[in-house]
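Trainee: this one's structure only:
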């Protein structure tokens, strides 16, 4: 399993959001555009509800918002890179603003698969050099290449 196989149709967005919710909205919109989700409102609401339980800001300038739903049959991942220098307030564990957002969606009944994806993702983003390369990338292709490695 590679993370690249879950980046549905190359959903990578460079964001200039003013808030966490705006960034989430832009990523859900991108997923809808490529057909990864059918119902924008349902998925967006599920992501927001999950965010209200506990922040998905894990630290290091990274957030991993997610929602698992009954009507999905496979997992997908969208990557958002916040371009504003200051990042986004996310109530992250370390209090740092978020600049890298990895949104995961998938079936509610496949917890083991979800945990594998989450583990792969957290291992990949613990590498500070990789995070810096992601933030410095100027194109979707550069981001995809970083996940190919």
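Mentor: Yep, it's here. Just so we're clear, the structure is a prediction, and the values are computed from it rather than from any experiment.

Trainee: Which residue, neighbours along the chain excluded, lies closest to residue 77?
Mentor: In space, and not counting its chain neighbours, residue 77 is closest to residue 6: 4.0 Å by CB to CB, 6 or more residues apart in numbering. Where you see a C-beta, it was placed from the backbone N, CA and C, and this is true even at glycine.

Trainee: do you know how far the one you found is from residue 122?
Mentor: Per CB to CB, to the nearest Å, residue 6 is found 14 Å from residue 122.

Trainee: Give me the three-state assignment for the residue nearest the centre of the chain.
Mentor: Nearest to the geometric centre of the chain sits residue 102, at 1.7 Å (CA atoms, centre = their mean). At residue 102 the chain is in strand, as set by DSSP: H, G, I helix; E, B strand; the rest coil.

Trainee: dump the residue contacts of it.
Mentor: Shown in contact with residue 102 (CB atoms under 8 Å, 6 or more residues apart in numbering): 62-64, 77-80, 121, 125.

Trainee: so where do the strands sit in the protein?
Mentor: Taking DSSP state E, the strands of the chain run over residues 7-15, 57-59, 62-63, 66-69, 76-82, 100-107.
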